[in-house]
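Peer 1: okay, sequence plus prediction incoming.
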Amino acid sequence: MLPLGGCLLTDKPEPGLDIPQAYDRASKNPVVAEAALPTLDWWHGFRSRELTEIIEEARAANLDIAAAVARIVQADAQARIAGAPLLPVVEFNGSATRSHFSETNTRTVSATLNASYEIDFWGKNRSALRAAEETAAASRYDREVVGLTTVVSAANAYFQVLAAQDRLQVARENIASASRVLNLIQQRLNAGTASALDTAQQESLLASQRASVPPLEQTLTQNRNALALLIARSPESVRIRGGSLRGITYPRVTPGLPSELLAQRPDIREAEAQLAAANGNVENARAQMLPSITLTGEGGYQSAVLKTLLRPESALYNITAGLTQPIFDGFKLQGNLDLQKGRQDELLQNYRKSVISGFVDVENALDGIRQTALRERLQRDVVTASQRAFDISEQRLNQGTIDLVTVLQTQQTLYQAQDNLAQTRLAHVQAIVGLYQALGGGWLPKPLEASNAR
């Protein structure tokens, strides 16, 4: 038994994970580690009451989360089923028979208890139970993955609503400006200082800006409907006020991130639990190829008359032990062992990939925050300069001291700059959401140990 146990242990593959030095140094610095811990309710950092209300409702009512909870119930039931062979099976049988042959009547009354128990000598049943328990643990991490995805989707959809409203406001303000300029050109046309071509060019610009409104309104409607789906309500019953991304506060982001945060990501923990379940399945598949020892016992009473059924002389019992050894099954058991080993190796590679993906996601999110913050700052400068240029050109147009081509160019530049700024703000806030997602969505002040988390 000892050599077999040692052999089983060697089948648990070593993930062989390399943690980048920067993360490893951060994890050994308590100050940096504590500062980098996101809060559980990280969405409060955006200081939006409506966003908080939407996310809280989504966490309570989302149908994907409800389905994930149902999968937990199923996994727990499977674990109980897998653990059943570790306990004896007890059955009660009661019968009464009466037979007539010639002139003789015979009656027999019996009541027996049957019990059977398989000795788990090779750990076959224990490994099956362990695999089922790890699968149940993986289902809990899957629920956390679904919950985090739901929260992130709700935040991003809400920010899409705000960005669409900002872009609509920009479009409508520029439509008003373009209409005002068109009136000035028409006045100059009536005075003989402008041509019909000048009027047509401005009318074309105005029509182009009006045509940009329907796609933005469609985007707004689609994201409102997406939020309705996330909170499991019909679109007609949901009212999203929205507002502007300018009213959103950007949470402070700490660049020093300890590696422990990545190890706590629910998708990584799920992959880890699935790998542990595969280890148990490999042990179970090997143990099925070894002899199985079963004990059975029967005890009870049998009598020809019911009133004498429970007397000592009516007692009976029978105890047997049996050993079953597979000899040839067409390589079914060996095929099952190879299958489980292949599955184990697949999940090992998935686990390694999920960890590496965690580092990649955090690095990409951090870089995305840095770059979008820089883009937003530079784009604000572009808007300021474009607004100043348009104001000057409109003033000179009113004075009749500027050509209309310059006016058209400043209008188009301003509109594009303002629209780009709204899109850059959206990219910036979504990058922040992406970092929270990369970190697993926030943690308790003291992360749970793996044994306690399960």
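Peer 2: Cool, got the structure.

Peer 1: distance of the closest residue to Y250 other than its chain neighbours relative to W122?
Peer 2: Excluding its sequence neighbours, the residue lying closest to Y250 (CB to CB, 6 or more residues apart in numbering) is I432, at 6.3 Å. In short, each C-beta sits where N, CA and C put it, glycine included. Using CB to CB, to the nearest Å, we find I432 at a distance of 53 Å from W122.

Peer 1: what are the ranges of the helices in the stretch 251-400 of the chain?
Peer 2: 259-263, 266-287, 332-399 (DSSP state H, counting those that start in this stretch).

Peer 1: need those helices in TSV with mean neighbour count, can you?
Peer 2: Formatted as TSV, the helices of the stretch 251-400 of the chain follow (neighbours: other CB atoms under 10 Å):
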stretch	mean neighbour count
helix 259-263	21
helix 266-287	23
helix 332-399	16
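
Peer 1: next up, phi/psi of the spatially most central residue of the chain, please.
Peer 2: Ranked by distance to the mean C-alpha position of the chain (CA atoms, centre = their mean), the top residue is V145 at 2.7 Å. Dihedral pair for V145: phi -60, psi -50, per degrees, to the nearest 10.

Peer 1: that one contacts R269, doesn't it?
Peer 2: No. V145 is beyond contact range of R269, at 9.1 Å (criterion: CB atoms under 8 Å).

Peer 1: to I240, which of the helices of the stretch 251-400 of the chain lies closest?
Peer 2: helix 332-399 (24.0 Å; CB to CB).

Peer 1: between that closest one and helix 266-287, how many degrees?
Peer 2: 170 degrees (axes from the mean of the first three to the mean of the last three CA atoms, to 10 degrees).

Peer 1: A232: which element?
Peer 2: Assigned by DSSP states H and E, A232 falls within no helix or strand.

Peer 1: no, scratch that, I was asking about L205
Peer 2: helix 196-211.

Peer 1: quick one: buried residues of stretch 238-251?
Peer 2: Burial within stretch 238-251, assessed by neighbour count using 16 or more other CB atoms under 10 Å, is assigned to V238, I240, G242, G243, L245, I248, Y250, P251.

Peer 1: tell me which residues are up against that stretch.
Peer 2: Contacts to stretch 238-251, defined as CB atoms under 8 Å, 6 or more residues apart in numbering, come from residues 42, 45-48, 50, 54, 158-159, 161-163, 165-166, 169, 220, 224, 227-228, 231, 422, 425-426, 428-429, 432.

Peer 1: are any of the residues you listed buried, and which?
Peer 2: 42, 45-46, 48, 54, 158-159, 161-163, 165-166, 220, 224, 227-228, 231, 422, 425-426, 428-429, 432.

Peer 1: shaky segments in the stretch 151-300 of the chain?
Peer 2: 253-263, 299-300 (pLDDT under 70).

Peer 1: give me the subset of the contacts of stretch 238-251 lying in helices.
Peer 2: 50, 54, 158-159, 161-163, 165-166, 169, 220, 224, 227-228, 422, 425-426, 428-429, 432 (DSSP state H).

Peer 1: just the mean pLDDT for stretch 366-376, thanks.
Peer 2: Averaging pLDDT along stretch 366-376 gives 92.

Peer 1: off-centre distance for it?
Peer 2: 25 Å (CA atoms, centre = their mean, to the nearest Å).

Peer 1: the chain should start at 41 in everything you say after this.
Peer 2: Let's use 41 as the start, then, which means that last one is stretch 406-416.

Peer 1: picking up where we left off before, Serialize the buried residues of stretch 278-291 to JSON lines and add fields for secondary structure.
Peer 2: Output for the buried residues of stretch 278-291, formatted as JSON lines (DSSP: H, G, I helix; E, B strand; the rest coil):
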{"residue": "V278", "secondary structure": "coil"}
{"residue": "I280", "secondary structure": "coil"}
{"residue": "G282", "secondary structure": "coil"}
{"residue": "G283", "secondary structure": "coil"}
{"residue": "L285", "secondary structure": "helix"}
{"residue": "I288", "secondary structure": "coil"}
{"residue": "Y290", "secondary structure": "coil"}
{"residue": "P291", "secondary structure": "coil"}
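
Peer 1: sort out which one of those lies nearest S167 for me.
Peer 2: P291 (45.5 Å).

Peer 1: what helices or strands is the lengthiest strand in the chain leaning on?
Peer 2: Secondary structure of the chain read by DSSP state E shows that its longest strand is strand 144-159. Helices and strands touching strand 144-159, by 3 or more CB pairs under 8 Å, 6 or more residues apart in numbering; DSSP states H and E, are strand 129-141, strand 332-343.

Peer 1: what are the buried residues along that strand?
Peer 2: For strand 144-159, the neighbour count (16+ other CB under 10 Å) marks V149, S150, A151, T152, Y157, E158 as buried.

Peer 1: want to throw these into a markdown table with pLDDT and distance to S244?
Peer 2: Putting these into a markdown table (pLDDT from 0 to 100; distance: CB to CB, whole Å) gives the following:
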| residue | pLDDT | distance to S244 |
| --- | --- | --- |
| V149 | 70 | 103 |
| S150 | 76 | 100 |
| A151 | 72 | 98 |
| T152 | 77 | 97 |
| Y157 | 77 | 88 |
| E158 | 79 | 85 |
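
Peer 1: re the thing from before, what angle do the longest strand of the chain and strand 129-141 make?
Peer 2: 160 degrees.
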